[in-house]
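Colleague: The amino acid sequence is not available; the structure is as follows:
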């Protein structure tokens, strides 16, 4: 059952979020199907941070209801984690869709952290989020 949506009922920010979600859904369907011909070089610190980031992404996708699609995503996330945990590997091979998926996840996380507002007495938390967003920017720079 399809429902029609009145575009005048949404503000531009909601339309951008819906458009972003539709782009994410189309890229999720292509994960694990393309050839991994793009390589991303990773150093030791970015590999450690990538492992922690992948663990958090796995938690996000474990609760959703898409079974077949989640299998492909979960397999890809396991692959990325295995490559990042190897000491001798310095390259991560990904397809274009997988690279775009990782970039989008990093950008969304970074955007969420930058949008946080803190009270004056939360200066420690503010500093921690600022350091963490720096790590996200460094990792995102590796993918560009």
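Modeller: That came through fine. Since we're looking at a predicted model, the values are computed, not measured.
Colleague: Nearest the geometric middle of the protein, what residue?
Modeller: Nearest to the mean C-alpha position of the chain, by Cα atoms, centre = their mean, lies residue 105 at 1.7 Å.
Colleague: Would you mind listing the residues in contact with that one?
Modeller: The neighbours of residue 105, taking Cβ atoms under 8 Å, 6 or more residues apart in numbering as the test, are 53, 57. In short, each C-beta sits where N, CA and C put it, glycine included.
Colleague: now it: how far from residue 52?
Modeller: Applying Cβ to Cβ, to the nearest Å, the value for residue 105 to residue 52 is 13 Å.
Colleague: Next: residue 130.
Modeller: To residue 52, residue 130 is 17 Å away according to Cβ to Cβ.
Colleague: Going by neighbour count, which residues in the longest helix anywhere in the chain are buried?
Modeller: Of all the segments assigned as helix in the chain under DSSP state H, the longest by residue count is helix 123-143. Neighbour-count burial for helix 123-143, with 16 or more other Cβ atoms under 10 Å as criterion, is recorded at 129, 133, 135-136, 139-140, 142-143.
Colleague: for stretch 90-106, the distance to its chain's centre please.
Modeller: From the chain centre to the centre of stretch 90-106 is a distance of 9 Å (Cα atoms, centre = their mean, to the nearest Å).
Colleague: Which stretches in this protein count as strands?
Modeller: Taking DSSP state E as the test, the strands found in the chain are 38-41, 91-94.
Colleague: With distance to residue 57, mean pLDDT and mean neighbour count added, can I get those strands in a markdown table?
Modeller: Compiled in a markdown table, the strands of the chain are given as follows (distance: least, Cβ to Cβ, whole Å; pLDDT from 0 to 100; neighbours: other Cβ atoms under 10 Å):
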| stretch | distance to residue 57 | mean pLDDT | mean neighbour count |
| --- | --- | --- | --- |
| strand 38-41 | 16 | 87 | 14 |
| strand 91-94 | 14 | 88 | 18 |
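Colleague: Rebuild those strands as CSV, extending it with distance to residue 101.
Modeller: As requested, those are exported to CSV (distance: least, Cβ to Cβ, whole Å):
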stretch, distance to residue 101
strand 38-41, 12
strand 91-94, 9
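Colleague: Residue 116 is nearest to which of the ones you listed?
Modeller: Across the strands of the chain, the minimum distance to residue 116, taken as Cβ to Cβ, is reached by strand 38-41, at 27.6 Å.
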